[in-house]
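build me a structure from this.
(2 chains)
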There are 2 protein chains.
Amino acid sequence: MKDNKGIIAKKEENISDWYEQVCLKSNLVEFAVVKGTMVIKPKGYAIWEKIQDYFNEKINKPLGVENAYFPLFIPESFFKKEAEHAEGFSPEVAWLDKSLTKEGERLAIRPTSETIMYDSYSKWIRSYRDLPLKMNQWCNIVRWETNTTKLFLRSREFLWQEGHCVYETEKECEKDTLKVIESYKKLVEDLLAIPVLIGRKTEKEKFAGAKHTYSIEAFMPDGKALQCGTSHNLGQGFAKSFGISFLGRDEKKHLPWQNSWGISTRLIGGMVMTHSDDKGLVLPPKVAKNKVVIIPILFENTKEKVLKKSKEIFKTLKSFNPILDDSEEYSPGYKFSEYELQGIPIRIEIGPKDLEKNEVVIVRRDTKEKTISKVKNTKNTLTKILKKMQEDLFKRAKEEMYSKIVEAKNFKEFEKAVKDKKIIYLNWCNEKSCEEDIKEKTGASSRCIPLGSEKQKVDGNCPMCGKPAKVKIYFSKSY
Amino acid sequence: MKDNKGIIAKKEENISDWYEQVCLKSNLVEFAVVKGTMVIKPKGYAIWEKIQDYFNEKINKPLGVENAYFPLFIPESFFKKEAEHAEGFSPEVAWLDKSLTKEGERLAIRPTSETIMYDSYSKWIRSYRDLPLKMNQWCNIVRWETNTTKLFLRSREFLWQEGHCVYETEKECEKDTLKVIESYKKLVEDLLAIPVLIGRKTEKEKFAGAKHTYSIEAFMPDGKALQCGTSHNLGQGFAKSFGISFLGRDEKKHLPWQNSWGISTRLIGGMVMTHSDDKGLVLPPKVAKNKVVIIPILFENTKEKVLKKSKEIFKTLKSFNPILDDSEEYSPGYKFSEYELQGIPIRIEIGPKDLEKNEVVIVRRDTKEKTISKVKNTKNTLTKILKKMQEDLFKRAKEEMYSKIVEAKNFKEFEKAVKDKKIIYLNWCNEKSCEEDIKEKTGASSRCIPLGSEKQKVDGNCPMCGKPAKVKIYFSKSY
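Residues are numbered from 1 along each chain as shown, chains lettered A, B, ... in the order given. Here you go, the predicted structure:
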């Protein structure tokens, strides 16, 4: 505790420094010695475990997806089989030292596992009876980024899950592709309290090798989008490249349909940035390991009594995995700051005067709101406050996100909105050249074409290039 | 199903071919395209998930160990810090292509994580208040083996957990080192029904850089030992090399004590080899995902009735995750073989004659033992049989292991015992030169000095080299 000086940077003024300080000082993560890599500390990893448990439950039984594990190493030739895929990933691939495979070909460390998995799939799938085939793996991924490392958000190694399914029909494939992106939205909103927009990526922004990509997009306090999860309808391209085919019900050979989808430890970064403040980490109660810290207020004469009662209360709150900080080395005020920095959702103060009235003081980490509760009601009160806090965090973030969405009717409005760190909603031509032009001039990129809006009639011309508008879309800067 | 020809090799005649066929044909695992790597299929991975859940429960709360995640990449200089460690692992390290770190040093892919973790520990540990520090990670490991790949048992990439703890005192450290090896024994025996001998490794066989190593050793049907888990008391060597120190209660600087310990996906291989037979996989019920397969015996006249009843029974058995195979494409006999190959612990046969008597036939995979049960008692009967099967598998394997242990009083007896595929127990000199000599002459290596036996008085001379005997020990060939 002693060395911890609190957060020095301000979220409003320098979000980048502020974010790094919150991540480091709240003990979620730290930079590792190898450039671009990080150590996910127990507190951060516990959040990843919550995400794993939550998501496994959503996909294993309901969707029939089974977990498996495929190799870390991929032969170079596999990358080249799907041209767009190869082009998209080649710049970031980390290769093994050639001396390890003197007579063989170069080996890549997986930047994503389509190619290595689909090679197996091509051997496993023979008939329509083998379909659908639905697999997922939780693993580490390596992309040799050259941009500055950002804890959780951009690093050379990260953890993720990648689902890879194969279907008999296009319809089934598309249905699951959408189910998964909806399921990601639910996870991110329900567990991490991060509101997201859901939609389809443009041709430019879709996954390398996909037919189309759906994504959920969160918007950070600095107006930059954070892509939080993607679900790709791969069509039949990979099946063709990897020789996956099946004997259909008609006894003829067919190409199957495939999807792939993933979320990563980047979600933890999004959660930190969305909810935390200048005092430190704010954790949605559902992912906080220790939901409560009990701080007895100790004076010479009443110490014994207060400590005894605090220990009693501590025992009744086991289900919240509480911390009881009865050390006398630091003042209550110092402890308050420290546990605020650490993001413990609830602080319970127990002082002699409170106990005279048979009460405790309950303080919420996010709003600092105080609730006086009778000792015997503590558990019930906590349950209610934690539930409310989880809801409020989401509600507040959602309001903030929607307050940032503005429409742009011309380039000037668009440009101003980018400067004002807004999310821009517009009727758009859906052309790659226009998108590249916008990116170059403003730094903003397309986020997604909102789900459901594809079928809406769009009037008028693209305010950016003047061509007929075809879709509704969101643009913004992004991480 | 169609392509599956069953197991051709015999366990007694060619255990190596037999083992590979069982692993492959029961769909646990398969060879991946890159030499030395494997794909762990859902059925195999589900067993790994069971091991993870079981072990997390044993270490998280009871031992206070927290899960975390450290980087895959380790700088070359870290390896060199602990001389013995460097020497032990260097031959197997896979390096990244140098072009990735043009100006920096070579990067290794972790063959084990002592060095990268202890670099972090040296920054985290300041005072005795920071101790004990107990962390674990579940991750992939790469060791560039040149020996022949054996599914689960020897591969260039595998999955494991590695625990790494730091203590104030030698006593605490040793206590946990032993607790962990006991906990591994419990896991392997209780969950996988593999009996093991537990003991201390010799100087020659201990972990590179450790003070001493404890291991659990299983013995496969071919008499070869399979090291199933190790727990290393690292002493203060790594602390010294990595500059980990703490300010003690006496306000002076001290070196802490450390341990590290691991089990891997190799356990799955040990389980397959121990229990399976010439008909295919035998799975201990506790790790089988589908514990039961229901096979209705279908004849033209009674089909409808039998199917209806089978579906009813199927529903009452949900908690066993049953399979109902009501396909008409294959005969019951074909199905029996197939599910035996797949290692489903229990088969329920439901025929028209059984139903007339309100009965079903329950068949155990391991013994083929048949039990007639009233339909209404099926669930209770199954629970009992599954429990009994788990116990019997362990008991049988344990009896087999103990039946293999022989004492050797001279070199001739030792040599014969090795030829007879026995586990050899002897009074031994505990000298490296003698051990190397034995290895060269017989191919056998020391397995472990049984726990508790260290304090026993050992009489006479080493039957191998003639020097005074100092310890009791087990020798055998090994994987």
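
helix/strand/coil for the residue nearest the centre of chain A?
The residue lying closest to the centre of chain A (CA atoms, centre = their mean) is residue A:267, at 2.0 Å. Classification of residue A:267 using DSSP: H, G, I helix; E, B strand; the rest coil returns helix.

let me know the distance separating it from chain B.
The gap separating residue A:267 from chain B is 15 Å, by CB to the nearest CB, to the nearest Å. C-beta coordinates here come from the backbone N, C-alpha and C atoms, glycine included.

residue A:86 too?
For residue A:86 relative to chain B (CB to the nearest CB), the value is 17 Å.

same question, residue A:19
From residue A:19 to chain B the distance is 20 Å (CB to the nearest CB).

does residue A:345 really touch residue A:382, like I thought?
No: counting by CB atoms under 8 Å, residue A:345 does not reach residue A:382; the two are 9.4 Å apart.

overlap in contacts, the two.
Residues touching both residue A:345 and residue A:382 (CB atoms under 8 Å, 6 or more residues apart in numbering or on different chains) are A:291, A:292.

before we move on, the earlier item: mind pulling up the pLDDT for the residue nearest to the centre of chain A?
We note a pLDDT of 98 for residue A:267 in this prediction.

could you identify the helix or strand that succeeds the lowest-mean-pLDDT helix or strand in chain A?
In chain A, the helix or strand scored least confidently by mean pLDDT, DSSP states H and E is helix A:83-89, which has a mean of 86. Remark: after helix A:83-89, the chain's next helix or strand is strand A:94-95, criterion DSSP states H and E.

the helix or strand just after that following strand and chain B in contact?
Sequence order places strand A:107-109 as the next helix or strand after strand A:94-95, per DSSP H and E. Yes: with CB under 8 Å from any CB of the partner chain as the criterion, chain B is reached by strand A:107-109 at A:107, A:109.

I figured residue A:367 was touching residue A:392, is that so?
Yes: the pair residue A:367 and residue A:392 passes the contact test of CB under 8 Å, sitting 7.3 Å apart.

the two: which has the busier surroundings?
Ranked by neighbour count (other CB atoms under 10 Å in any protein chain shown), residue A:367 and residue A:392 place residue A:392 first, with 17 against 13.

where does the more buried one land in three-state SS?
helix.

domains of chain A?
What automatic domain parsing lists as the domains of chain A is A:27-275, A:285-386, A:405-476.

now those domains as CSV including distance to residue B:221?
Conversion of the domains of chain A to CSV gives the following (distance: least, CB to CB, whole Å):
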stretch, distance to residue B:221
domain A:27-275, 27
domain A:285-386, 44
domain A:405-476, 57
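
deepest of the ones you listed, which one?
Counting by mean count of other CB atoms under 10 Å in any protein chain shown, domain A:27-275 has the highest mean neighbour count of the domains of chain A, with a mean of 20.

ranges for the helices of the stretch 101-250 of chain A?
Assigned helices in the stretch 101-250 of chain A, in chain order: A:114-124, A:170-190, A:237-242 (criterion: DSSP state H, counting those that start in this stretch).

compare those helices and give me the one nearest residue A:468.
Ranking these by proximity to residue A:468 (CB to CB) places helix A:170-190 first, at 26.7 Å.

many thanks, I have nothing further to ask.
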